[in-house]
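Engineer: Sequence isn't available, so here's the structure alone:
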């Protein structure tokens, strides 16, 4: 599994470049590199549904981000107390990583998942639903409530964007605001 | 085990970018890195040694499939991440229109 | 005609977009309809169809695309997708409980099999595709509004 290690190292280097660079367009392109190598990692981990979805969603995220950051560069300078702030954040991240390394020992090792629930899904998928793609059978038949929740979230996000973008009309001077009950 | 730790290093890079930066676009980039690392963690947990993709085939008899349940969870999470990013970018554009800057330390007025 | 030629991109991009728009729509429809026999499903197909329309808008400018698909029809398709998905779920009450798979499940590996799953895929495709195109349309209108106010 040497390819997975190489891809993860590429993603970490891309994340470090995205954090440190000052030009906003280069930052967005570095995030694009992370997303596309994530799509290749999904393919190596034998998940073709996820690879297709991650590829097209990454392209869309890049289009939206570039739309927001064109020609809007501003110079930033580091204010005082920079060393103290960075040291505190790094200290807390080290505590998080140490606790995570201790907890990860309880997980089953890489490559041997405990498939307690999935065994039933794989055996019964074709006879109970008739679908050959087990992931589609799970998201649309065995666990369809999650898909209903996801449709609601997308709806709410669209309403939210339209509410932010809405042009609030200006009233002309001199007219009174009438009450709605009258 | 090392793979899980590298994934969590990516997660902590996302947290560092979200907490320490002053530019709103860098905060949005940090949140995107967080989402990518969590999706990767779920896909890593689902992998089985010498497994195959969870789709049946007409000609072959497939005995060894990877775990399909985390794939189902990640599939909706990817599209929800897109909706969240779009909402954040809309807020960032509106802030730039009103204040003329992306710096969060200069946005301190609370108006009714 | 002069204003329409100034908006959008160069003529090479416009010609290629005109040729590939139908192919992208066809690919998206293929991924949605074969969601239960090969990888893909409603989410990926919906985003691909939204990307086809976004491609049209980036190449030709805002006005030409708004003549093809207006704001009203986008919100209509999104609501139809949501109502269709919920309606299919409520039809399960005929069989016994919410979301029951009641249509006959044919032989596996055929296109018309797996009960309600293809119809759910089509409903999700309408909802996701129209929703994401509506988000992009709102962001584009915000930018042009800001430029007009200056």
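Structural biologist: Noted; the coordinates are in hand. Since the model is a prediction, treat every value here as computed from it, not as a measurement.
Engineer: any weak-confidence spans in chain B?
Structural biologist: Where chain B drops to pLDDT under 70, the residues are B:109-112.
Engineer: What's the biggest helix in it, counting residues?
Structural biologist: helix B:69-99 (DSSP state H).
Engineer: Return the residues of chain C in contact with chain B.
Structural biologist: Those residues of chain C that sit near chain B, judged by CB under 8 Å from any CB of the partner chain, are C:38-39, C:41, C:43, C:47, C:108-109, C:128, C:131-132, C:135, C:138-139, C:142-143, C:146. C-beta here means a position set from N, CA and C on the backbone, and glycine is covered the same way.
Engineer: hmm, back to that, indicate whether the longest helix of chain B makes contact with chain A.
Structural biologist: Yes. Using CB under 8 Å from any CB, helix B:69-99 comes into contact with chain A via B:69, B:71-76, B:78-87, B:89-94, B:96.
Engineer: for stretch B:21-35, same thing?
Structural biologist: Yes. Judged by CB under 8 Å from any CB, stretch B:21-35 and chain A are in contact via B:21-23, B:25-26, B:28-30, B:32-33.
Engineer: Strands - which of those land there?
Structural biologist: With strands taken from DSSP state E, there is no overlap with the residues of stretch B:21-35 next to chain A.
Engineer: ok, residue A:19 to residue B:105 distance?
Structural biologist: 19 Å (CB to CB, to the nearest Å).
Engineer: from chain B, which residue is nearest to chain C?
Structural biologist: residue B:86 (4.8 Å; CB to the nearest CB).
Engineer: Show the model's pLDDT score for residue A:178.
Structural biologist: pLDDT recorded at residue A:178 is 44.
Engineer: do residue A:75 as well
Structural biologist: What the model reports as pLDDT for residue A:75 is 60.
Engineer: can you give me how far the helix or strand of chain A with the lowest mean pLDDT is from the chain middle?
Structural biologist: Lowest mean confidence among the helices and strands of chain A (mean pLDDT, DSSP states H and E): helix A:118-129, at a mean of 85. Here helix A:118-129 is found 29 Å from its chain centre; the criterion is CA atoms, centre = their mean, to the nearest Å.
Engineer: Compute the inter-axis angle for that helix and helix B:69-99.
Structural biologist: Computed by axes from the mean of the first three to the mean of the last three CA atoms, to 10 degrees, the angle separating helix A:118-129 from helix B:69-99 equals 90 degrees.
Engineer: right, and the helix or strand after helix A:118-129?
Structural biologist: The helix or strand immediately downstream of helix A:118-129 is helix A:134-137, counting by DSSP states H and E.
Engineer: what helices or strands is that following helix leaning on?
Structural biologist: Helices and strands touching helix A:134-137, by 3 or more CB pairs under 8 Å, 6 or more residues apart in numbering or on different chains; DSSP states H and E, are helix A:118-129, helix B:69-99, helix C:117-149.
Engineer: So what touches it?
Structural biologist: With contacts defined as CB atoms under 8 Å, 6 or more residues apart in numbering or on different chains, helix A:134-137 is touched by A:49, A:121-122, A:125, A:129, A:131, B:54-56, B:65, B:68, B:71-72, B:75, C:35-36, C:39, C:41, C:114, C:117, C:121.
Engineer: Now do the next helix or strand along the chain from that helix and helix B:69-99, the angle between them.
Structural biologist: Note on helix A:134-137: by DSSP H and E, the next helix or strand toward the C-terminus is helix A:144-165. If you take the same axes, to 10 degrees, helix A:144-165 sits at 10 degrees to helix B:69-99.
Engineer: pLDDT weak spots in the chain?
Structural biologist: Chain wasn't specified; assuming chain A. In chain A (pLDDT under 70), the answer is A:71-80, A:168-182.
Engineer: not what I meant, chain C
Structural biologist: Using pLDDT under 70, the flagged stretches of chain C are C:1-7, C:95-99, C:102, C:104, C:106-107, C:143-150.
Engineer: List the buried residues in the host helix or strand of residue A:19.
Structural biologist: Assigned by DSSP H and E, residue A:19 falls within helix A:2-20. By neighbour count on 16 or more other CB atoms under 10 Å in any protein chain shown, the buried set for helix A:2-20 is A:4, A:7-8, A:10-12, A:14-15, A:17-19.
Engineer: Now the element after it, going C-ward?
Structural biologist: Counting by DSSP H and E, what follows helix A:2-20 is helix A:24-44.
Engineer: Tell me which helix or strand comes right after that next one.
Structural biologist: Counting by DSSP H and E, what follows helix A:24-44 is helix A:48-69.
Engineer: in that next one, what's buried?
Structural biologist: By 16+ other CB under 10 Å, the buried positions in helix A:48-69 come out as A:48-62, A:64-65, A:67-69.
Engineer: same for the helix or strand following it, what does it pack against?
Structural biologist: Where DSSP H and E defines the elements, the next helix or strand beyond helix A:48-69 is helix A:82-103. The contact analysis (3+ CB pairs under 8 Å, 6+ apart) places helix A:82-103 against helix B:2-20.
Engineer: what's the angle from the helix it packs on to helix A:82-103?
Structural biologist: Helix B:2-20 and helix A:82-103 are oriented at 150 degrees to each other (the same axes, to 10 degrees).
Engineer: Spit out the contact partners of residue B:35.
Structural biologist: Contacts of residue B:35 (CB under 8 Å, 6+ apart): B:77, B:81, B:84.
Engineer: Excluding chain neighbours, what is closest to the first one?
Structural biologist: In this structure, residue B:77 finds its nearest non-sequential neighbour in residue B:39, 6.0 Å apart by CB to CB, 6 or more residues apart in numbering or on different chains.
Engineer: for that neighbour, what are its contacts?
Structural biologist: Counting by CB under 8 Å, 6+ apart, residue B:39 has contacts A:38, A:50, A:54, B:74, B:77-78, B:81.
Engineer: give me the element it is part of.
Structural biologist: Here residue B:39 sits within helix B:24-45, counting by DSSP H and E.
Engineer: buried sites along that helix?
Structural biologist: B:24-45.
Engineer: Same check on stretch A:139-148?
Structural biologist: A:139-144, A:146-147.
Engineer: and for that stretch, what are the contacting residues?
Structural biologist: A:121, A:128-129, A:131, B:72-73, B:75-76, C:41, C:85-86, C:89, C:99, C:101, C:115-117, C:120-121, C:124.
Engineer: again, but for stretch A:84-94
Structural biologist: Applying CB under 8 Å, 6+ apart, the external contacts of stretch A:84-94 come out as B:12, B:15-16, B:19-20.
Engineer: Identify the farthest-apart pair in those residues.
Structural biologist: Farthest-apart pair in the contacts of stretch A:84-94 is B:12 and B:20; separation 11.9 Å (CB to CB).
Engineer: Looking at those two, which is more packed in?
Structural biologist: A direct count of neighbours by other CB atoms under 10 Å in any protein chain shown for residue B:12 and residue B:20 places residue B:12 higher, at 21 against 17.
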